[in-house]
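**Q** fold the following.
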Amino acid sequence: MKASELKELTLEELTEKIQEESINYTKMKLTHAISPLESPAKIKEARREVARMKTELRARELAK
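**A** Next up, the predicted model:
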């Protein structure tokens, strides 16, 4: 999800997405620890996606 798409989301939608992606990221890490994923780069992408969303959320907090 691009930054421009994140800016279009409401605050509630953004927090829900952060929770969903965080859970997804955690599951991917656990799965990878048990048996390697086909593409470990997906873990990196998921982590960065969560970081992008948290950055947007923080920017909105500071804008208030």
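
**Q** shouldn't Leu14 be in contact with Met53?
**A** Yes: Leu14 lies in contact with Met53 (C-beta atoms under 8 Å); the separation is 6.2 Å. The C-beta positions use only the backbone N, C-alpha and C, and glycine is treated the same way.

**Q** where do the contact lists of those two overlap?
**A** The contact sets of Leu14 and Met53 overlap at Leu6 (C-beta atoms under 8 Å, 6 or more residues apart in numbering).

**Q** which one of those two has more residues nearby?
**A** Neighbour totals were compared for Leu14 and Met53, and Met53 leads with 22 against 18 (other C-beta atoms under 10 Å).

**Q** spatially, what comes nearest to that one if we skip its sequence neighbours?
**A** Distance criterion C-beta to C-beta, 6 or more residues apart in numbering; nearest residue to Met53, sequence neighbours excluded, is Ile18 at 4.8 Å.

**Q** list the contacts of Met1.
**A** For Met1, the contact set (C-beta under 8 Å, 6+ apart) comprises Lys17, Glu49, Arg52, Met53.
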